[in-house]
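In: coords please:
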Amino acid sequence: MAKISSVELGTSPIGKLLIKQAVPASIGILVMSLNILVDTIFVGNWIGSTAIAAINVVLPVSFFIAALGMSIGIGGSSIISRALGANNDKKALKTFGNQITLTVLLTFAMVFFGLYYVDAIIPAFGGQGAIFEPAKIYYKIVLYGVPVLALGMMGNTVIRAEGKPKFAMYAMLIPSVGNLVLDYLFINVLDYGMAGAAWATTGSYFLCLAFIVWFFLSKHSELKLNLSHLGLNRSIVTEISSLGFVTLARQAVVSVTYLFMNNILYDLGGETSVTAYAIVGRMLMFALFPVFGVTQGFLPIAGYNYGAHKYERVRETINTAIKYAAGLATLIFLMLMLFPEAITRLFTSDVEVLKQTPSAMRWVFAATPIIALQLIGAAYFQAVGKATPALLLTLTRQGFFFIPLILILPTYFGEIGVWVSFPIADVLSTIVTGFFLRREIKKNLLPSITEINT
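Out: Numbering: from 1, shown residues only. The predicted structure follows:
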């Protein structure tokens, strides 16, 4: 088999390499986020503000199942990046095969249970009152396509680990554009309402997977599998699971967060508050796309160089990624502080929603300039295969700080207590992550660099 083309990850200048990896990732995340954003705008204007709340109820459930694929993808891609750095092509291929098998088995099982308990799940996630029926329509259709999305998300991370960020970007562009076209056709032209929005989303998942299958079958990929690679290997499955559980746990906490947020806000302000959170949530996905892009670009570079024992490059990658991400986060912060009213008007003309959302948006993004350290710090431990600290740091913001805050503060401060929980959790989690990252560099990276140089 020809040598897998990933050597550039260990040889190119870090700044140039990070930009080369991060820009396609950022563009892909931008278009995917724009897809979700414009989808929400279409739904809000063509169906109604209640439909926005309905989709927000469904997202945590469908995203959690899809996150199984992302978790397996990121966990396995960490192994692949380090295996390539150590010239172990056999392990890279076996890992990829095991990722496919695990994704298929787990996501189909989750979809079965998700459909079986549909009438209990939707109310539990805030689908109450007028929100229930449109949420159920959207949920059932979207869930059929979630295994396809999971396979697409898993494959996308492997493409990036193989050192092909542009193709990973294309894998996100194609379904995003396709979803917008299908939205217009199914909602505006054919007037299918919520079912149309759901079928447009599901159709876009199939477009994503079709492109990824094409990539791995084409000459562009050198990860050429055979049936023997699909058989599960206990040690590889264990390693994928331990690292992938970090991502899965993060998404599980996100889903639990949606559950609490939708129910707490529904009790405090009804459908209007749930809709406001849905809009702010879309901005959380959309506005931070360049910061997430830097984080995605950071992962394969750090993992490859750690596997190749190039620890000085690992340290440089950490510093450069934090610097780039912090600068971008600051620009995003300024935009959202200055124009929250104009942003809200893009989604809805509902007077009550327009009154509530801008203030909520300012609170939610108040600590944005410092989040780079938290994101890159947690990503580092995942990239180098240290599952336990990666898991703990990933759960720090929402699991250890945010969820307790939203359960306590609204009792004393009402709805404002929900919104101020966001920046408080950001500050606390950044402090904790900074402490652990600094200790890791001092205790492990620096001694390894000194040992190699001497």
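In: Tell me where the stretch 51-200 of the chain is predicted with low confidence.
Out: Within the stretch 51-200 of the chain, the stretches with pLDDT under 70 are 63, 66, 127.
In: Show me the strands in it, by range?
Out: For the stretch 51-200 of the chain, no strands are identified by DSSP state E, counting those that start in this stretch.
In: can you give me the helices for it?
Out: 89-116, 118-124, 132-161, 165-183, 193-217 (DSSP state H, counting those that start in this stretch).
In: Make sure L93 is actually in contact with L225.
Out: Yes - here L93 reaches L225: they are 6.4 Å apart, a contact under CB atoms under 8 Å. From N, CA and C alone the C-beta is placed, and that goes for glycine too.
In: Neighbour count for the two, which is higher?
Out: Between L93 and L225, L93 has the larger neighbour count (other CB atoms under 10 Å), namely 21 against 15.
In: Excluding chain neighbours, give the residue nearest to the more buried one in space.
Out: Nearest residue to L93, sequence neighbours excluded (CB to CB, 6 or more residues apart in numbering): H229, at 5.4 Å.
In: Isn't that neighbour up against A92?
Out: No - using CB under 8 Å, H229 is not in contact with A92; the gap is 10.0 Å.
In: ok, back up a step: give me the number of residues near the residue nearest to L93?
Out: 20.
In: now the one 10 residues further on
Out: Residue neighbour count, defined by other CB under 10 Å, stands at 21 for E239.
In: looking at it, it is touching G75, isn't it?
Out: Yes - between E239 and G75 there is a contact at 7.4 Å, judged by CB under 8 Å.
In: tell me, what's touching these two both at once?
Out: In terms of CB atoms under 8 Å, 6 or more residues apart in numbering, E239 and G75 are not both contacted by any residue.
In: quick revisit: minimum distance to N233: which of the helices of the stretch 51-200 of the chain has it?
Out: Proximity to N233 (CB to CB) singles out helix 89-116 among the helices of the stretch 51-200 of the chain, at 5.9 Å.
In: Return the set of buried residues in the closest one.
Out: Residues of helix 89-116 classed as buried: 89, 91-104, 106-107, 110-111, 114 (neighbour count, 16 or more other CB atoms under 10 Å).
In: and if you look at stretch 117-137?
Out: 121-123, 125-128, 131-132, 134-137.
In: Now tabulate the residues you listed in CSV and tack on distance to L405.
Out: What follows is the buried residues of stretch 117-137, written out as CSV (distance: CB to CB, whole Å):
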residue, distance to L405
I121, 25
I122, 26
P123, 24
F125, 20
G126, 18
G127, 24
Q128, 23
I131, 25
F132, 28
P134, 30
A135, 26
K136, 31
I137, 33
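In: returning to that earlier point: make a markdown table from the helices of the stretch 51-200 of the chain and add distance to G297 to it.
Out: Putting the helices of the stretch 51-200 of the chain into a markdown table (distance: least, CB to CB, whole Å) gives the following:
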| stretch | distance to G297 |
| --- | --- |
| helix 89-116 | 20 |
| helix 118-124 | 35 |
| helix 132-161 | 8 |
| helix 165-183 | 7 |
| helix 193-217 | 19 |
